[in-house]
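Asker: Provide a 3D model corresponding to the input given below.
(one chain, ligands or ions: 1)
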Amino acid sequence: MSEKRRPATPWPPVETEAPRFHPEAPGPGTELAMHYAECFGCGDVDNGLHMRSTVGDGGVVYSKFPVTRAHQGAPGLAHGGLLACAFDEALGSAVGNLLRRPAVTGKLETDFLRPVPVGTTLFIAARVDGVAGRKIYASADGHLDSADGPVALRARGLFVQVGLEHFTNHGDPDALSKFTQQPRRREDWDINP
Ligand SMILES: CCCCC/C=C\C/C=C\C/C=C\C/C=C\CCCC(=O)SCCNC(=O)CCNC(=O)[C@H](O)C(C)(C)COP(=O)(O)OP(=O)(O)OC[C@H]1O[C@@H](n2cnc3c(N)ncnc32)[C@H](O)[C@@H]1OP(=O)(O)O
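Answerer: Next up is the predicted model:
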């Protein structure tokens with residue numbers, strides 16, 4: 001299969017500023033711990049995605065998603081919704097770890113370019129592309145079986161910065177104490193950039 005293209009739409013879709021990485025953001029080479037043990041993307045969850053992420057150079061976060069039989073849609077192929085989930089995790093990890101601004105996914109679009117078979121590993125490279133006030137734009141490519149393997153998916157996400165009360169009010173009141181990696185304390189976040 002030749003390199004796939006899709007219609008080019010402007011990205012980010014609005015004027016943005018370059019992302020400012022948090023001074024205490026983990027540096028290149030850092031292997032990121034799961035952010036929450038019960039997270040379907042990175043936690044210790046039965047049949048979860050069990051993703052692991054590492055910070056790369058130049059503001060890229062690399063994540064791996066090992067695709068198993070538990071992740072099928074069509075026989076032998078990964079389910080598209082779970083692939084989108086993997087990108088949500090990878091993009092969220094880039095935003096959360098590099099910017100340390102509490103944010104949630106507002107919009108996620110995924111281009112599915114090639115099927116992803118069971119037994120392969122998806123290598124995702126995610127970056128933060130720009131920031132417009134509370135809006136944080138991030139994108140990622142997913143490569144089959146190696147960091148420079150064929151591109152199977154591309155995704156773009158809008159993350160919207162929220163107050164920490166978003167997690168404690170809408171989720172678990174003890175949410176912040178349950179996050180297992182930095183930033184987990186109020187003072188670890190860039191709340192008023
Ligand atoms: C969740 C993880 C956090 C963990 C933190 C812990 C540790 C961090 C460390 C590392 C993190 C590592 C990994 C993270 C991994 C995974 C991340 C997964 C993330 C998720 O899985 S998270 C769940 C799914 N997510 C939701 O559960 C959101 C539900 N939703 C809402 O809670 C609201 O909807 C909200 C807050 C989004 C906005 O509500 P709001 O009232 O605060 O603000 P408003 O509506 O005004 O939007 C403000 C501006 O965004 C524009 N905007 C908004 N949505 C748009 C859209 N769809 N399309 C185009 N533009 C949009 C508006 O147009 C406006 O733009 P403008 O300012 O220009 O007018």
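
Asker: Would you tell me which residues of the chain are close to the ligand?
Answerer: Residues of the chain lying close to the ligand (CB under 6 Å from any ligand atom) are 35, 41, 88-89, 92-93, 96-97, 104-107, 133-135, 158, 160, 162, 179, 181, 183. For every residue, glycine as well, the C-beta is placed using N, CA and C.

Asker: which of those count as buried?
Answerer: Taking 16 or more other CB atoms under 10 Å as the criterion, what is buried in those is 35, 41, 88-89, 92-93, 96-97, 105, 135, 158, 160, 162, 179, 181, 183.

Asker: tell me the two of these that are most distant?
Answerer: Based on CB to CB, the longest span within those runs between K135 and Q181 and measures 24.2 Å.

Asker: Which of the residues of the chain next to the ligand fall within strands?
Answerer: Per DSSP state E, strands hold the following members of the residues of the chain next to the ligand: 104-107, 135, 158, 160.

Asker: What is the distance between the helix or strand of the chain with the lowest mean pLDDT and the centre of its chain?
Answerer: The helix or strand of the chain with the poorest confidence is helix 175-178; it has a mean of 89 (mean pLDDT, DSSP states H and E). Centroid displacement of helix 175-178 relative to its chain, using CA atoms, centre = their mean, to the nearest Å, is 20 Å.

Asker: do the same with stretch 71-87
Answerer: With CA atoms, centre = their mean, you get 16 Å for stretch 71-87.

Asker: C-alpha coordinates for it, PDB please?
Answerer: Extracted in PDB, the C-alpha atoms of stretch 71-87 (Å, rounded to 0.1, in the frame of the first residue of the first chain):
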ATOM      1  CA  HIS A  71      -9.400  -5.700  21.300                       C
ATOM      2  CA  GLN A  72     -11.100  -7.100  18.200                       C
ATOM      3  CA  GLY A  73     -13.900  -5.700  16.200                       C
ATOM      4  CA  ALA A  74     -13.800  -7.600  12.900                       C
ATOM      5  CA  PRO A  75     -12.200 -11.100  13.300                       C
ATOM      6  CA  GLY A  76      -8.500 -10.700  13.800                       C
ATOM      7  CA  LEU A  77      -8.600  -6.900  13.600                       C
ATOM      8  CA  ALA A  78      -8.500  -4.200  16.200                       C
ATOM      9  CA  HIS A  79     -11.800  -2.400  17.000                       C
ATOM     10  CA  GLY A  80     -11.900   1.100  15.700                       C
ATOM     11  CA  GLY A  81     -13.300   2.500  18.900                       C
ATOM     12  CA  LEU A  82     -10.400   1.000  20.900                       C
ATOM     13  CA  LEU A  83      -7.900   2.400  18.400                       C
ATOM     14  CA  ALA A  84      -9.500   5.900  18.900                       C
ATOM     15  CA  CYS A  85      -9.200   5.200  22.700                       C
ATOM     16  CA  ALA A  86      -5.500   4.600  22.300                       C
ATOM     17  CA  PHE A  87      -5.100   7.900  20.600                       C
END
